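From the sequence below, what's the structure:
(one chain, ligands or ions: 1)
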Amino acid sequence: MNTAELRHGTCSYLDSDPTSQAPVMVLLHGFPLNSRMWRHQVSAFSESHRVLVPDLRGHGGSTVTHGTVTMAQMANDVAELLDQLEIIEPICLGGLSMGGYVAWEFWLQNASRLKQLMLFDTRAQNDTEQVARGRHMMAAQVVREGAEMAADAMVPKLVARTTKDWTPELVDEVRRMILETDPEAIAATQRGMAERVDMTDRLGQIDVPALVLCGENDSISPPEEMQQFAEALPNGQFALIPKAGHLAPLEQPEAVNSAMGDFFASTQ
Ligand code: MLT
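Predicted coordinates for the structure are as follows:
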């Protein structure tokens with residue numbers, strides 16, 4: 001992993017080849033995981049792309065900031081990292097779940113820096129009041145009790161039943177990633193997600209080519225909802241990944257990589 005000193009602190013990131021002239025792909029992980037969740041995509045696309053995978057603020061090796069970390073702050077961190085790396089050409093930006101919320105914010109602030117968008121297992125809607133209240137409660141609880149509480153609450157919802165049955169080691173890996181995350185960062189990010197903007201009315205303006213990809217057993221961002229927002233994107237394509245839940249790129253990497261390859265072939 002590499003590190004960059006941003007205004008708020010250190011950003012840890014993987015850069016598949018800093019000297020590469022290939023198109024730049026940036027992948028943003030879900031909550032409260034880290035850049036390792038993209039390992040299959042890094043190995044599959046490091047020839048065709050320069051793949052950049054940051055640990056978002058507070059996650060992985062990146063500096064934890066307390067209080068509230070908004071999706072806008074995380075999107076700014078990504079833009080700042082690109083500036084430091086002198087990447088000025090439009091990029092392909094992909095985000096899973098929380099990473100998708102950050103990708104929407106990146107579009108709001110930096111639409112001209114985007115060439116393609118990939119939205120994995122994520123939502124365009126913001127939280128209902130009830131969901132936002134639940135996030136604040138979880139934030140308080142995780143600071144009191146530690147990351148284990150977040151892992152217990154989240155892991156059962158993150159992967160499909162088939163993943164639990166066939167690859168229990170993957171479930172352990174996901175749990176480990178959550179346990180490595182600082183409870184203050186988990187809390188700050190929950191508060192930030194509760195404040196995120198609703199993108200549903202803006203979808204018609206997002207005219208870059210966009211891949212919307214969903215695990216067929218995703219209960220957090222269900223396929224029907226994702227297909228609907230893919231249809232509202234002027235250049236959206238929808239891909240459903242069989243036998244995957246909310247972490248499709250980790251659960252079914254071959255199918256996900258194949259959908260990404262098809263997307264690149266049809267939009268480069
Ligand atoms: C994620 O996977 O990033 C989370 O499920 C996002 C959320 O809590 O909305």
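
right, and Leu117 touches Gly94 too?
Yes: with contact defined as Cβ atoms under 8 Å, Leu117 counts as touching Gly94 (7.5 Å). To be clear about C-beta, it is placed using only N, CA and C from the backbone, and glycine gets the same treatment.

Need the residues touching each of the two.
Taking Cβ atoms under 8 Å, 6 or more residues apart in numbering as the criterion, Leu117 and Gly94 both touch Ala103, Leu211.

can you give me the strands in the stretch 51-200 of the chain?
For the stretch 51-200 of the chain, the strands defined by DSSP state E, counting those that start in this stretch cover 91-96, 114-120.

helices or strands up against the helix ranked longest in the chain?
The residue-count maximum for a helix in the chain (DSSP state H) belongs to helix 129-145. Under the contact criterion of 3 or more Cβ pairs under 8 Å, 6 or more residues apart in numbering; DSSP states H and E, helix 129-145 touches helix 147-158, helix 183-194.

So Phe45 is in contact with Val24, correct?
No: with contact defined as Cβ under 8 Å, Phe45 and Val24 do not form a contacting pair (10.9 Å).

Tell me the residues that contact both of those two, please.
By Cβ under 8 Å, 6+ apart, no residue touches both Phe45 and Val24.

Check which helix or strand Asp262 maps to.
When elements are defined using DSSP states H and E, Asp262 is found to belong to helix 253-267.

Return the per-residue confidence for Ala248.
pLDDT for Ala248: 98.

wait, what's in contact with it?
Taking Cβ under 8 Å, 6+ apart, we find Ala248 in contact with Phe120, Asp121, Leu213, Cys214, Gly215, Asp218, Ile241, Ala255, Val256.

now do Ala111
Residues counted as contacts of Ala111 (Cβ under 8 Å, 6+ apart) are Ile206, Val208.

Distance check, it against Leu6.
From Ala111 over to Leu6 the distance is 22 Å, taken as Cβ to Cβ, to the nearest Å.

Any idea how many residues pack against the closest residue in space to Glu184 that isn't next to it in sequence?
Residue nearest to Glu184 in three dimensions, not counting chain neighbours: His66, with 5.2 Å by Cβ to Cβ, 6 or more residues apart in numbering. Neighbour count of His66, defined by other Cβ atoms under 10 Å: 12.

for the closest residue to Tyr13 other than its chain neighbours, what are its contacts?
Closest residue in space to Tyr13, ignoring its immediate chain neighbours: Pro54 at 4.0 Å, by Cβ to Cβ, 6+ apart. Contact partners of Pro54, counting by Cβ under 8 Å, 6+ apart, are Cys11, Ser12, Tyr13, Leu14, Val26, Leu28, Ser35, Ser62, Asp77, Val78, Leu81.

who in the stretch 151-268 of the chain is up against the ligand?
Within the stretch 151-268 of the chain, the positions lying close to the ligand (Cβ under 6 Å from any ligand atom) are Met193, Ile220, His246.
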